[in-house]
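A.B. asks: please find the sequence and the predicted model below.
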Amino acid sequence: MDKYKKLASNTIIFAIGTFSSKLLSLVLTFFYTRVMNTGSFGGATLIQNAVNILVPIVTLAVNSAALRFSLDKNSNKKEVFTTGVATTFIGFAVFCAFVPVVRGIVINDFNMGQYAILLYLMLLGSSLRQLCQQFVRGSGHVKLYAVDGVVATATSAGFTFLYLGEFKWGIYGYILAIFTSDMLSVLFMFVCAKLWNCLDFRHGLKKNTVVPMLKYCIPLIPTVILWWIINVSDQYMVTYFINVGESGLYSAAYKIPNFVIIFSSIFIDAWQLSAVDEYENEHRARFFTNVFMVYSGALMAIGSLLILLCRIITDLYLGEEYYSSWHYVPILVIATTFSCLVNFFASVYMAEKKSMRSMLTAGCGAIVNITLNLILIPKIGSYGAAIATAVSFVAVFIIRVIDTRKFVKVKINYMKLLLSAALLAGMAVIMIFEAGGKWQSFVLSVLFAAVVTAVNFRSVNDIVHLLLDKFVKKKGKRT
């Protein structure tokens, strides 16, 4: 199969599962902001973000190794999965010794320690699901991976509406809905992929599999921590410097850029497989260049549309209590757009198994983020957190573009990229400060968005046609 068509085919398959789960996230945010006040929502997301950073630390990021090593054609899948499961449970058992520490955590006006049992349950469920997901995807069961996304979407929605809507369990309901859905997802993948056949503890763990996997994934632990610092440490710092209510507003604002992430995550899941598949091809530089051109152009166009409509979306989507959070959305859209561009170049490190370089480049962004957060949040509040996040992602993008040229020379149309980024920044300033008045700023932003779309029209047109052509052909074969 042609490499571009294979990428399109996998993108469509992953879209089925990823789009449904991301769409659910958007729908549930609409629900959360109507049944939870800003304090409860802020507290629940603090717990969720804590789990997101604990998963790679506790499990040694073994899920990433499970994906990368299961992609190798000559790997022993049974040894890979057994190593992953053993590492996950051993790590969780060790972390149980830190219960007293977790119980003592208090951030400003939020006592996280009283929800320790929720944190541990969510940690276990998330760790197991991520491991099974990545192993299933790397083993070639891409359709099962997609179907699991749909199943998890349905169960997560059902439990959320039950626990928060009917039972009104608040923060407890928020976390328990995620845990219950994750565990059902693990059961579903075990049954459908017969994962028990990939477990073999009778012969013990194999050194020739364990050592390379740990050598690959352990450097990813600080990498994930550094990404956590860039992505969500600002929420904790907003809670510390201001309060948990303001943190809830900031967290809600971060949900709007999820529309960019929906597109990106669908593509990146498929792109990682293609990047590894085609990495040994002598024409890989041209392939990476062509894909980046289409991907980056589409991201810029989507970003401009979100900034343009951020006030309307916030009003309809988040509700009156969270409406003021729209002020942070334009900056966070820019941050998210560049984070998606950064993820593209992460595929180079993944294909090369250069996890150390991934860590070092993320470290540069974390340093920028923390420094700017400490300077800007006390002075300009949540605006400072958003600006710090955006600047740190731009910094990592520039560093990775330069660093990855050692492995793959991706040619970038810098004039088009800089023009698009400058227009997005201009739109953000116009929208936030309402230059010339509310309606005048909107009209001016429409013009800016039109220029961004025109500049990147070819990229958007290419990706739409590639996906539609593949979809039409698939549909035609079934009829």
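C.D. replies: Received it, and whenever you're ready, just let me know what you need. All values reported here derive from a predicted model rather than from experimental measurement. Residues are numbered from 1 along each chain as shown.

A.B. asks: how far away is V94 from A152?
C.D. replies: 27 Å (C-beta to C-beta, to the nearest Å). Any C-beta I mention is one placed from the backbone N, CA and C, and that applies to glycine too.

A.B. asks: more neighbours: which of the two?
C.D. replies: Taking other C-beta atoms under 10 Å, V94 and A152 do not tie; A152 has more neighbours (24 against 10).

A.B. asks: tell me which element that one falls in.
C.D. replies: Here A152 is covered by helix 142-160, with elements defined by DSSP states H and E.

A.B. asks: any stretches of the chain with poor pLDDT?
C.D. replies: 1-20, 22-23, 26, 272-273, 275-276, 278-282, 435-436, 462-479 (pLDDT under 70).

A.B. asks: which element follows the helix holding A152 toward the C-terminus?
C.D. replies: Past helix 142-160, the next helix or strand by DSSP H and E is helix 171-192.

A.B. asks: tilt between that following helix and helix 142-160?
C.D. replies: Using axes from the mean of the first three to the mean of the last three C-alpha atoms, to 10 degrees, one finds that helix 171-192 and helix 142-160 are set 150 degrees apart in direction.

A.B. asks: Q134 touches A61, doesn't it?
C.D. replies: No. Assessed by C-beta atoms under 8 Å, Q134 is found out of contact with A61, at 10.4 Å.

A.B. asks: tell me which of these two has more neighbours.
C.D. replies: When Q134 and A61 are compared on other C-beta under 10 Å, the one with more neighbours turns out to be A61, at 25 against 21.

A.B. asks: L306 reaches L332, doesn't it?
C.D. replies: No. Using C-beta under 8 Å, L306 is not in contact with L332; the gap is 9.5 Å.

A.B. asks: compare the two (neighbour count), which wins?
C.D. replies: Per other C-beta under 10 Å, whichever of L306 and L332 has more neighbours is L332, with 29 against 24.

A.B. asks: what's the helix or strand for that one?
C.D. replies: Counting by DSSP H and E, L332 is part of helix 329-352.

A.B. asks: give the buried residues for the helix or strand following that helix.
C.D. replies: Under the assignment DSSP H and E, the closest C-terminal helix or strand after helix 329-352 is helix 355-380. Neighbour-count burial for helix 355-380, counted by 16 or more other C-beta atoms under 10 Å, picks out 355-366, 368-370, 372-373, 376-377.

A.B. asks: would you mind measuring from D277 to F407?
C.D. replies: Applying C-beta to C-beta to D277 and F407 gives a distance of 16 Å.

A.B. asks: what sits in contact with each of L306 and L332?
C.D. replies: Here L306 and L332 have 256-257 as joint contacts, going by C-beta atoms under 8 Å, 6 or more residues apart in numbering.

A.B. asks: T45: how many residues sit nearby?
C.D. replies: T45 is flanked by 24 other residues according to other C-beta under 10 Å.

A.B. asks: and it, that one's in a strand?
C.D. replies: No. Under the criterion used here (DSSP: H, G, I helix; E, B strand; the rest coil), T45 is helix, not part of a strand.

A.B. asks: so what's it up against?
C.D. replies: 235, 247-248, 251.

A.B. asks: top of those by number of neighbours, please.
C.D. replies: S247 leads the contacts of T45 on contacts (other C-beta under 10 Å) with 31 neighbours.

A.B. asks: tell me who's in contact with that one.
C.D. replies: Contacts of S247 by C-beta under 8 Å, 6+ apart are 42, 45-46, 235-236, 238-239.

A.B. asks: buried ones in the helix or strand harbouring L118?
C.D. replies: L118 belongs to helix 116-138 when assigned by DSSP H and E. By neighbour count on 16+ other C-beta under 10 Å, the buried set for helix 116-138 is 116, 118-138.

A.B. asks: got a markdown table for the contacts of S247, with distance to K77 and secondary structure too?
C.D. replies: Output for the contacts of S247, formatted as a markdown table (distance: C-beta to C-beta, whole Å; DSSP: H, G, I helix; E, B strand; the rest coil):
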| residue | distance to K77 | secondary structure |
| --- | --- | --- |
| G42 | 42 | helix |
| T45 | 36 | helix |
| L46 | 37 | helix |
| Q235 | 38 | helix |
| Y236 | 39 | helix |
| V238 | 44 | helix |
| T239 | 43 | helix |
